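Engineer: fold the following.
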Amino acid sequence: MFNVVVVIGVFVTVLTMIPVLRQLRTHPRGLFILFFAEMWERFSYYGMRGLLIFYLTEQFLFSDSFSQGQYAAYTTLVYLVPLVGGFLADRWLGTRKAIAFGALLLVAGHFTMAIEGPPAVQTLTVAGHAYAFQASGRMNDRQVCLKVAAGCYPVTGGKDGGMRIVGLPATAALPSVLPHGGYTLAVEKRDQGYVDVFYLALALIIMGVGYLKANISSIVGQLYRQGDPRRDPGFTLYYYGINLGAFWASVVCGLIGQTVGWWAGFGLAGVGMLAGFAVFVWGKPLLEGHGEPPDPAKLKKPLLGPVNLEWLLYLAGLVGVGIVWVVVRHFQFTGWLLAAGWVAALGYLGWFMIARCDRVMRDRLALAMVLILASIVFFTLFEQAGSSLNQFSERNTALPNNGFWTVTPAQTQSFNAGFILIFAPMFAALWAWLGRRDRDPNPAVKFGLGLIQVGLGFFALVWGAQFHDAAFRVPMMFLGLAYLLHTTGELCLSPVGLSEMTKLAPAAFISTLMAIWFLASSAAQFFAGMVARLTAAETVAGQVLDPAKALATYVETFRDIGLVGMGVGVVLLGLSPWLNRLAHGVNDAANHPPPQVDSTAIDRDPAAMR
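Structural biologist: Residues are numbered from 1 along each chain as shown. Below is the predicted model of the structure:
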């Protein structure tokens, strides 16, 4: 339970936290609370995300295609429901109350995920006789064999797409080579009660993120006045906090989930969310009144007997859990729901732009939508991490597996977050340094660079595939290079996008536009699921049958999506001068009032004046 990834993680965290803490001292004190609250929320989310695709294929023995669709349905809804949470916070609840309620739902959801139940069993039927597969271990420790009489024999893919039973005696009741179509596979002992509990856990998590995610990012923006040059660095530091949680979730939950059990990995994620809730409640005074309800008296007024509006909104959230419990089971239905969300969001945006905006505000919102559309392309590629790239690490990556020198497939999810820890302070300092010299690239340029880099990341894997070993496993360094390029691309796009949404949005529209930003991530998750399903492989008892065919499929898919990412990035770079005019100087501090300075911070640290 202690390996090289943990040691490297401690070193990277200590090394990178020093400049982060120094920079945090020059920012509003509320950023510190939001930093740590979101860190623990992301710990819970990424701890669960790193295990989910393996849990679906190995615990419940769902097929690759179904599991990738199920994963995408979950992540699509995770980023779709914040549209509702942002709207309710803007209109009635206020962001702080919405965040607290969402955190409690998340705690309940992650602890529910820890209810594991017995694993499903897969059977092979030949000429009317059924044989059971026997499986042990999780992820790259998993061993699968077919129980025949007194023996248990490994299986591999056959030349014609069938199956070969390795080492089967000639006297066995079935042949060692089974042609395609000469057998049937079925899953038995999949307990529907535990499947329903699993979906309840997903529904609680989805609704919790819906109330929390967009709103906590909105409070970050509210801590800074327009034109404050600390805003972009502040969001990048906040992004560091997000990835500190994601990093340690992948390292610890990924290790414990494989070595102890699914229940332990998921349960630890719940503990992390509980810590995030405690930090947020404790730090309320440091938020300086930001995030409070727009009309507290209206919120407390009884509407249904003694039940006031606030509690009705909480009850509506619980009803929403029941609705999501049904919806999350169906990938295609989630797509229709996503489309309805986009129709509603764009309709509301169009009405707001016509009825409530002048020309400058309309142009800024138009720019926001261009950036949002570009982010869909980026995150469609980037979010292969939790599904196809996660399975690629298990099936076709040569991960070290020798005691202390072990890297589990789920721990490879920490590569991206670990690179964020290293490079986020550098990018924050870079943007600030360029900003002071009026040479900071405009957001469209940063977005274009981000898209080009995420495309190049997939080409790193295509390049590495030619160096595979006899088991068709690619050296881990190429997976690391892919995640490095995805990370530098992400730092050019994601924190900048978060910051830009708070700049481009009118005050009355900020949480809603932030929710649309996450709605774009929802669309990307859905499209990412469609892409991931292109990489589906035939499996038995959660183990891939033909690693060579699986690798060839990954290479073809990664090449195609890499070209898409790079192409869109080049187009965005070409359009950047025209797009920048739509901002009407929103990134120019000279066009806004000077930043509001916290006098108490100046007393603590004279550097806050700079």
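
Engineer: confirm for me that L77 is in contact with I206.
Structural biologist: Yes: assessed by Cβ atoms under 8 Å, L77 is found in contact with I206 at 4.6 Å. Heads up, the C-betas are built off the backbone N, CA and C, glycines and all.

Engineer: contacts only, for the closest residue to L373 other than its chain neighbours.
Structural biologist: Excluding its sequence neighbours, the residue lying closest to L373 (Cβ to Cβ, 6 or more residues apart in numbering) is A520, at 7.3 Å. With contact taken as Cβ atoms under 8 Å, 6 or more residues apart in numbering, A520 is in contact with 79, 372-373, 375-376, 379.

Engineer: repeat that for Y238.
Structural biologist: Going by Cβ under 8 Å, 6+ apart, Y238 touches 31, 34-35, 38, 217, 220, 495, 498.

Engineer: wait, which of those is closest to L312?
Structural biologist: S217 (25.5 Å; Cβ to Cβ).

Engineer: I'd say the closest one and I510 touch.
Structural biologist: No: using Cβ under 8 Å as the test, S217 is too far from I510 to be in contact (9.8 Å).

Engineer: three-state assignment of the closest residue to F247 other than its chain neighbours?
Structural biologist: Distances taken as Cβ to Cβ, 6+ apart put A417 closest to F247, at 3.5 Å, once the chain neighbours are dropped. Three-state call for A417 (DSSP: H, G, I helix; E, B strand; the rest coil): helix.

Engineer: need the contact list for A417.
Structural biologist: 46, 243-244, 246-247, 250 are the contacts of A417 under Cβ under 8 Å, 6+ apart.

Engineer: same question, L313
Structural biologist: Contacts of L313 by Cβ under 8 Å, 6+ apart are 88, 92-93.

Engineer: most neighbours among the residues you listed, please name it.
Structural biologist: The most crowded member of the contacts of L313, judged by other Cβ atoms under 10 Å, is L93 (27 neighbours).

Engineer: now it: phi and psi?
Structural biologist: phi -70, psi -30 (degrees, to the nearest 10).

Engineer: tell me where the stretch 151-300 of the chain has helices.
Structural biologist: Using DSSP state H, counting those that start in this stretch, the helices of the stretch 151-300 of the chain run over 192-222, 231-248, 254-259, 262-282, 296-300.

Engineer: distance from the shortest one to the middle of the chain?
Structural biologist: Between the mean C-alpha point of helix 296-300 and the mean C-alpha point of its chain there is a distance of 35 Å (Cα atoms, centre = their mean, to the nearest Å).

Engineer: quick one: strands adjacent to the helix or strand just after that helix?
Structural biologist: Note on helix 296-300: by DSSP states H and E, the next helix or strand toward the C-terminus is strand 302-304. Taking DSSP bridges as the criterion, strand 302-304 forms sheet pairs with strand 307-308 (antiparallel).

Engineer: which residues sit against the partner strand?
Structural biologist: 299-302, 315.

Engineer: what's the biggest helix by length in the chain packed up against?
Structural biologist: In the chain, assigned by DSSP state H, the helix with the most residues is helix 547-581. Under the contact definition 3 or more Cβ pairs under 8 Å, 6 or more residues apart in numbering; DSSP states H and E, helix 547-581 sits against helix 359-382, helix 388-395, helix 443-464.

Engineer: look up how far G47 lies from the residue nearest to F247.
Structural biologist: 11 Å (Cβ to Cβ, to the nearest Å).
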